[in-house]
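Following is a predicted model, sequence given first.
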Amino acid sequence: MAKKFGIFTSVILGVAGGAAAAAFLATESGKKIKKQVTDFVKDYQENHEEINADLVNKAQDLKDQAVDKFEDVKSQLESGDLTIDDLLQTGKEKVQDLTGQIKDKFSETKGSEATQDEEVAPIIEVPEEDVVVQDDIEINL
């Protein structure tokens, strides 16, 4: 029974994901992103060695930044200049700021796409205690 439920859930999630992707690609911003991806694929086919080298360099730079930041935070923790609580609070604030920016951007996008006759869907916040996480989904083919 658990296998059938897992497969059913996977099918439902796949259909929902496909529908969401189709709806997104039908919008103006979706069309722009699709064009960007198509252009990137064409460029990659023509200049794959150059693009690979650029991506490797960017990944290396990102790795170096992450290592530097880790070493900086580690030394601050060891010296007592920074506590775990400070670190968690800073992380929480950054996540809240990012969430606010995403909500603002979403509202701006929806507002610019809406006509006078359309209503913009409100953003609904769900309390953490109402969120259910299901970790035991299995797919066996």
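Sure, I can see it.

Local confidence estimate at E50?
On pLDDT, E50 comes in at 90.

Run a quick neighbour tally on it.
11 (other Cβ atoms under 10 Å). The C-beta positions use only the backbone N, C-alpha and C, and glycine is treated the same way.

Could you measure from it over to G18?
Distance of E50 to G18, given as Cβ to Cβ, to the nearest Å: 34 Å.

And D72, by the same measure?
D72 is 43 Å from G18, by Cβ to Cβ.

can you pull the contacts of V73?
V73 makes contacts with L82, L87, as judged by Cβ atoms under 8 Å, 6 or more residues apart in numbering.

Look up which helix or strand it falls in, please.
V73 is part of helix 28-79 when elements are defined by DSSP states H and E.

That helix: what's the following helix or strand?
With elements assigned by DSSP H and E, the helix or strand that comes after helix 28-79 is helix 84-113.

That next one vs helix 28-79, what angle?
170 degrees (axes from the mean of the first three to the mean of the last three Cα atoms, to 10 degrees).

Can you name every helix or strand that helix 84-113 contacts?
Counting contacts by 3 or more Cβ pairs under 8 Å, 6 or more residues apart in numbering; DSSP states H and E, helix 84-113 packs against helix 28-79.

quick one: low-confidence ranges for the protein?
Along the chain, segments meeting pLDDT under 70 span 1-5, 111-141.

Would you point out which residue is most central in the chain?
I102 (10.3 Å; Cα atoms, centre = their mean).

From S29, how far off is that residue?
14 Å.

Equivalent analysis for T90, please.
Taken as Cβ to Cβ, the span from T90 to S29 is 32 Å.
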